[in-house]
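S.K.: Pasted the sequence and its predicted model underneath.
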Amino acid sequence: MEESGKVTAVFGQHDEKTIEQLRNVASRAAYAALMADGHMGYLMPIGGVAAYRNEVSVPGVGYDIACGNAAIMTDRFIHEFDRRELGRLADEIQRTISFGMGRSNRADDAPVDHELFKSDAWSLLPTDAKVSELKSKARNQLGTVGSGNHYVDVFADRADGRIWVGVHFGSRGLGHTIASGFLALAANAKWGQRVKESEALLDLDAPIGQDYWSLMNLAGQYAYAGREWVARKVVEILGAHELELVHNHHNFSWVEEHFGERLIVVRKGATPAFPGQKGFIGGSMGDDAVIVQGTTSGNQKNAVSGVRQNQENALYSTVHGAGRVMSRTQARGKTKGWGPKARVISPGLVSQEMLDSWINEREVILRGGGLDEAPQAYRRLPDVLAAQRDTIEVLHTLRPVIVVMAGANEFDPYKD
């Protein structure tokens with residue numbers, strides 16, 4: 001743990017630019033902490049947690065409001081499927097679930113009439129937000145996964161071979177529109193006008209803060225609905241039944257109590273981890289994932305000294321993934337254009353042969369994905385989990401069997 005002004009905890013090892021970004025956030029917050037998967041982000045580091053007094057940071061929550069993970073435990077086991085059947089199921093998932101921009105695949109039963117579309121929060125959008133068009137876009141994108149590091153995975157529990165389904169994505173264009181709109185308003189610009197990214201702390205007692213909070217929560221409902229529909233659709237494809245759902249946002253803000261204060265906590269790529277609270281944390285496309293819970297040992301009478309303190313200093317948070325060690329450009333190289341016309345200007349640090357070797361060695365069936373998402377571009381999840389050992393307990397270790405992502409050159413402006 002490191003204490004530096006209002007920085008209560010830094011887990012793992014980080015470059016100085018990431019630490020400096022955290023310090024900048026801490027200079028405006030009551031408390032701030034950094035998880036072991038942290039790396040540079042926009043204004044606030046990914047893996048960062050910041051607690052404010054009655055304010056919420058729009059860029060802290062980010063453009064991909066309510067990005068998060070959902071995992072479903074099923075009643076099926078890996079021994080029930082041979083390799084050929086798993087390949088067929090991977091193809092079926094890729095055909096059925098939409099990746100990238102809009103709903104382009106064959107599933108047509110996404111919950112586009114969900115109660116969230118009747119929420120009063122829509123009325124808080126300004127008239128120039130073109131609410132009817134935004135609603136239409138949101139309906140069209142509900143249940144789409146996007147690109148970047150967003151995925152649908154099928155796992156086998158290393159303990160007993162039980163099948164799990166995991167997904168990772170957020171609120172798509174709806175969240176992006178809300179975030180960019182309030183960044184503009186905070187800069188005294190018009191809704192929809194592009195402004196330079198800068199801190200925007202909104203007072204929750206002011207109308208603009210109240211409106212943002214309501215619309216942020218609307219985007220949260222939207223993300224939950226989308227992730228649960230996609231995960232359940234994959235369970236259906238597998239011919240399985242749902243036994244348990246583990247679901248968390250990791251780009252969001254909550255009202256919580258820390259150090260005896262009521263605070264507004266922003267987690268940017270960090271998973272809530274209060275004692276006993278479960279979470280799903282993914283690795284890279286070729287690494288294990290885990291189901292965890294906030295450690296309960298700190299509540300026991302014979303608790304190891306310092307465990308509870310480390311949980312508190314982490315603001316009851318933990319990692320959301322393995323964390324990047326290469327930028328997308330470093331990994332894939334510089335490219336020009338999108339889609340089939342995309343061409344490499346200069347190669348990156350990861351080759352297709354390196355990616356294929358890693359995936360094949362671990363017998364992962366991969367559909368989509370690109371060099372910027374290769375396992376080599378990420379830390380190893382066991383390392384970051386070890387650095388957070390006082391904050392979480394691992395309940396299940398999940399081996400990836402099928403990984404489905406957007407294609408390497410799929411354009412999507414709403415990825416995080």
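M.R.: Yep, it's here. Worth saying up front: this structure is predicted, and the values here are computed from it rather than measured.

S.K.: Which parts of the strand or helix carrying W358 count as buried, going by neighbours?
M.R.: For W358, the host element (DSSP states H and E) is helix 352-361. Within helix 352-361, the residues that qualify as buried are L355, W358, I359, counting by 16 or more other Cβ atoms under 10 Å. All C-beta atoms are positioned from the backbone trio N, CA, C, and that covers glycine.

S.K.: Now do the contacts for the first one.
M.R.: It stands for L355. Going by Cβ atoms under 8 Å, 6 or more residues apart in numbering, L355 touches G369, L371, A374, P375, Q376.

S.K.: Quick check: the gap between V384 and G12.
M.R.: With distances taken as Cβ to Cβ, to the nearest Å, V384 is found 6 Å from G12.

S.K.: Those two - which one has more neighbours?
M.R.: V384 (26 against 18; other Cβ atoms under 10 Å).

S.K.: Just confirm D75 contacts L243, I think it does.
M.R.: Yes: D75 is within contact range of L243, at 5.7 Å (criterion: Cβ atoms under 8 Å).

S.K.: could you pull out the helices for the protein?
M.R.: In the chain, the segments counted as helices under DSSP state H are 16-26, 58-61, 83-96, 131-141, 172-186, 207-237, 307-313, 328-332, 352-361, 381-387.

S.K.: which residue is nearest the centroid of this protein?
M.R.: G68 (3.7 Å; Cα atoms, centre = their mean).

S.K.: Spit out the contact partners of the nearest residue to that residue once chain neighbours are set aside.
M.R.: Nearest-residue entry for G68: H249, 4.0 Å, with adjacent residues in sequence omitted and distances by Cβ to Cβ, 6 or more residues apart in numbering. Shown in contact with H249 (Cβ under 8 Å, 6+ apart): A66, C67, G68, G220, A223, Y224, R267, P272.

S.K.: mind listing what's buried in stretch 195-203?
M.R.: In stretch 195-203, counting by 16+ other Cβ under 10 Å, buried: A200, L201, L202.

S.K.: and which of these is nearest to A179?
M.R.: Of all these, the one sitting nearest A179 is A200; the distance, using Cβ to Cβ, is 9.5 Å.

S.K.: circling back to that earlier point, just curious, which of the buried residues of helix 352-361 is nearest to Y151?
M.R.: Among the buried residues of helix 352-361, and counting by Cβ to Cβ, the member closest to Y151 is I359, at 13.4 Å.

S.K.: any idea how far G286 is from the closest one?
M.R.: The gap separating I359 from G286 is 5 Å, by Cβ to Cβ.

S.K.: Which neighbours do the two have in common?
M.R.: Shared contacts of I359 and G286, defined by Cβ under 8 Å, 6+ apart, comprise P375.

S.K.: The stretch 251-400 of the chain: strands as residue ranges?
M.R.: For the stretch 251-400 of the chain, the strands defined by DSSP state E, counting those that start in this stretch occupy 251-258, 261-268, 270-272, 278-281, 289-294, 317-319, 333-336, 343-347, 365-369, 392-407.

S.K.: Could you give me the buried positions within the first one?
M.R.: The one in question is strand 251-258. So, applying 16+ other Cβ under 10 Å, buried residues of strand 251-258: N251, F252, S253, H258.

S.K.: swap in the longest one?
M.R.: If you call a residue buried by 16+ other Cβ under 10 Å, then strand 392-407 has these buried ones: 392, 396-407.
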